Structures are given as C-alpha cells and as structure tokens.
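Peer 1: coordinates for the following, if possible.
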Amino acid sequence: MNLPSNIELIAVLSGIACVTGLVLVVVAFVGTSRPARPGGSSVLRRFWVGNGTSARERRAHQTLLVGAVVLGAVAFLLTGLPVVGLLVAVAVPGVPWLLGTGRAERRAINRIEAIGEWTRRLKDVSGTGQGLQQAIIGTVSTAPEQVDEEVRLLAARLAAGWQGRAALLAFAEEIGDPVCDQVVAALILHLTDRGERLGDVLGAIASAAAAEVVTRREVEAKRAQPRFAVRFLTGMTLLVLAYGLVNPDYMEPYGTPDGQLVMVLLGAAFVALLAWVRSMSLPPRPARFLAPPDREEALR
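Peer 2: From the prediction side, this is the model:
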C-alpha cells in the first residue's frame with residue numbers, strides 16, 4: 001500500500017472541507033434537538049457532549065465520536081483512500097442519527113401521556129384539601145416513569161424554598177411541550193387567585209392531553225413511509241460502502257485525486273439527500289407560550 005502523495009493530501013483536505021461545510025449546512029437546516037442555553041459552553045464542548053438529556057446518552061454520543069475516528073482510520077488503512085476513511089467516520093455517528101428518526105417524537109408522545117396521568121393524580125391529591133405545593137410533593141411517589149425525574153426535581157425545588165412560579169416555569173422548561181405549559185399556566189394562576197375550580201381545570205387539561213396523544217400517534221403512523229425510505233437508503237449505502245471496502249477493484253477508479261474529488265461530491269450530495277428526506281419525516285417543533293424562569297428571582 002502506497003502512502004498518499006501530496007496531491008492525495010490535497011484531496012484529503014478538500015474532502016474534509018467539503019464534508020465539514022455539508023455538516024454545517026445540515027445542522028443549520030435541520031437544527032438541534034434542544035434549544036441553546038444562555039451562557040452555554042463552547043462549540044467544541046457541545047460537539048463532544050452532544051444533545052443528550054442524560055449521562056447515558058452523552059456517553060453513547062462520545063463513544064460514537066471515538067468509534068468514528070477509529071473506524072475512519074481503519075478504513076483509510078484498508079483502502080488507502082483518505083475520502084473513504086472520511087466517509088466512514090461520518091457514517092458512524094450519522095447512521096444512528098438517520099435510523100433514529102421518530103424516536104424523539106415517540107418519546108415526546110409518551111411524555112405528554114405521562115403529563116396527563118400526573119395531572120389527574122395532582123387533581124386527586126389537591127382535592128383532599130392540601131395546598132398546591134404540598135399536593136405536588138405528594139405526587140412524587142406516584143409520578144409516571146417518563147416524567148418522574150422532572151416531578152422529583154420540581155418537588156425538591158419547592159421544598160428548598162423556590163418560589164412556586166419559578167419552580168413551575170423551570171418544570172415546564174424541562175418538559176418542553178405546550179401541553180405541560182397548559183398545566184403549569186393553570187397552576188401559576190391558582191397560586192395567584194387561589195380559585196376553587198382548580199380540579200375542574202386540571203381534569204379538562206388531562207382530557208385534552210389524552211386527545212393530543214391520540215392525534216399525534218395517528219400523525220406519527222402516517223410518517224412511517226418517508227422514515228422507511230430513510231432507513232432503506234441508509235441500508236443500501238452501508239452495503240455499497242462495505243462492498244467497496246472488501247473489493248479493491250470496485251474502488252480502483254476512485255484511487256486518483258480526481259476520483260477522490262468525485263467521491264467527495266457524490267458522498268456530500270447523498271448525505272444531503274438523506275438529511276433532507278429525514279427532515280421531511282419530522283414534525284414541526286410545537287410552539288410553547290411560557291418563558292423560561294428567572295433563576296435570580298427563584299429564591300427571593
């Protein structure tokens with residue numbers, strides 16, 4: 001296996017620049033799964049940590065990044081083609097991203113259903129005559145699994161002396177769904193006017209949440225076809241790439257600098273196509289109407 005020449009090195013750098021530009025375009029077009037936080041860390045740190053909401057998800061993201069570097073280097077050593085190594089490195093984190101289409105939406109639907117169940121339990125507990133904050137703390141032991149961590153954190157903040165409004169707004173921010181915003185808005189209004197119809201309002205919101213779950217699941221089922229297309233195209237791409245890795249004759253036309261440039265252009269176009277098809281299968285992000293809490297005033 002010959003070491004790459006200066007021309008091939010130029011092709012490598014050109015390929016890295018093209019794919020990096022493509023990644024930036026895809027990120028700008030598709031967006032991220034979580035909103036940016038004020039005063040957040042640097043771009044490199046966010047790239048390393050990822051958008052995971054738990055330590056397990058962040059570790060999985062970091063494992064993918066390390067695996068991308070290792071497998072990309074192995075692919076380069078096996079084929080002697082730097083762009084193949086680059087494409088393999090992009091494919092390692094990219095394939096789970098493509099195949100995971102719909103997972104976030106299913107998780108959001110399950111969380112809405114859990115919010116509806118928690119709202120009903122809060123209605124029952126508050127109907128016994130307890131104050132709202134005590135009723136919220138009383139629902140910790142029976143909170144649904146999908147929102148158990150957020151409910152426990154809400155109860156802990158209330159017990160630690162946070163203002164009720166700030167704690168509830170922080171809870172809504174962590175859930176990040178307009179259905180939860182409706183529940184929190186009703187609870188905040190109750191903290192202000194101490195109305196006697198809180199149970200009726202919570203019951204109505206819980207019923208609306210159940211209807212929202214049914215609607216979203218119907219829409220989710222209709223998105224199955226474009227998501228199958230994404231998975232099919234991804235699988236075919238992996239098969240072609242694997243065939244090229246084990247068959248040097250198949251990759252021989254790409255062994256020249258011009259061939260490497262063609263491979264970069266074809267790979268960039270195909271990745272852009274997959275990202276576009278994936279974006280078509282994703283629902284629009286639901287619009288929320290509650291603002292994040294003011295952390296400085298939470299303990300006042």
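
Peer 1: flag the shaky bits of the chain, pLDDT-wise.
Peer 2: Along the chain, segments meeting pLDDT under 70 span 1-43, 47, 49-55, 195, 294-300.

Peer 1: could you pull out the helices in it for me?
Peer 2: Shown for the chain, the helices assigned by DSSP state H span residues 6-30, 43-49, 55-79, 82-99, 103-126, 132-138, 148-159, 164-175, 178-193, 198-222, 224-246, 248-251, 257-280.

Peer 1: separation between residue 236 and residue 242?
Peer 2: 11 Å (CB to CB, to the nearest Å). Every residue, glycine included, has its C-beta placed from N, CA and C.

Peer 1: again with residue 164
Peer 2: Counting by CB to CB, the gap from residue 164 to residue 242 is 57 Å.

Peer 1: looking at these two, which one has more neighbours?
Peer 2: residue 164 (19 against 11; other CB atoms under 10 Å).

Peer 1: not counting sequence-adjacent ones, nearest residue to that one?
Peer 2: Sequence neighbours aside, residue 191 is the residue nearest to residue 164 in space, at 4.9 Å (criterion: CB to CB, 6 or more residues apart in numbering).

Peer 1: give me the number of residues near that neighbour?
Peer 2: 14.

Peer 1: is it true that it touches residue 166?
Peer 2: No. Using CB atoms under 8 Å, residue 191 is not in contact with residue 166; the gap is 10.9 Å.

Peer 1: which of the helices of the chain sits closest to residue 288?
Peer 2: Minimum separation from residue 288 across the helices of the chain (CB to CB) falls at helix 178-193, 5.3 Å.

Peer 1: related to what we said a few turns ago, for residue 291, which of the helices of the chain is the nearest?
Peer 2: Closest to residue 291 of the helices of the chain is helix 164-175 (CB to CB; 7.3 Å).

Peer 1: contact partners of that closest one?
Peer 2: 111, 115, 132-133, 147, 150-151, 153-154, 157-158, 162, 180-181, 183-184, 187-188, 191, 288, 290-295, 297-298 (CB atoms under 8 Å, 6 or more residues apart in numbering).

Peer 1: which of those residues count as buried?
Peer 2: 111, 115, 132-133, 147, 150-151, 154, 157-158, 162, 180-181, 183-184, 187-188, 288, 290, 293, 298 (16 or more other CB atoms under 10 Å).

Peer 1: who are the contact partners of residue 287?
Peer 2: Contacts of residue 287 by CB under 8 Å, 6+ apart are residue 178.

Peer 1: same thing but at 10 Å, please
Peer 2: Applying CB atoms under 10 Å, 6 or more residues apart in numbering, we find residue 287 in contact with 178, 181.

Peer 1: roughly how far does it sit from residue 179?
Peer 2: 12 Å.

Peer 1: now do residue 238
Peer 2: With CB to CB as the criterion, residue 238 and residue 179 are 38 Å apart.

Peer 1: okay, these two: which has more neighbours?
Peer 2: The neighbour comparison of residue 238 against residue 179 (other CB under 10 Å) goes to residue 179, with 25 against 12.

Peer 1: touching, the more buried one and residue 215? I think so.
Peer 2: No. With contact defined as CB atoms under 10 Å, residue 179 and residue 215 do not form a contacting pair (11.3 Å).

Peer 1: buried ones in stretch 280-288?
Peer 2: 281-282, 288.

Peer 1: restricting to C-alpha, output it in PDB.
Peer 2: Written as PDB, here are the backbone C-alpha positions of stretch 280-288 (Å, rounded to 0.1, in the frame of the first residue of the first chain):
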ATOM      1  CA  MET A 280     -39.500  15.700   5.800                       C
ATOM      2  CA  SER A 281     -40.400  12.900   8.200                       C
ATOM      3  CA  LEU A 282     -40.000  15.100  11.300                       C
ATOM      4  CA  PRO A 283     -42.900  17.000  12.800                       C
ATOM      5  CA  PRO A 284     -42.600  20.800  13.300                       C
ATOM      6  CA  ARG A 285     -41.400  21.700  16.800                       C
ATOM      7  CA  PRO A 286     -44.500  22.600  18.900                       C
ATOM      8  CA  ALA A 287     -44.800  26.300  19.800                       C
ATOM      9  CA  ARG A 288     -44.600  27.000  23.500                       C
END
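
Peer 1: thanks a lot, catch you later.
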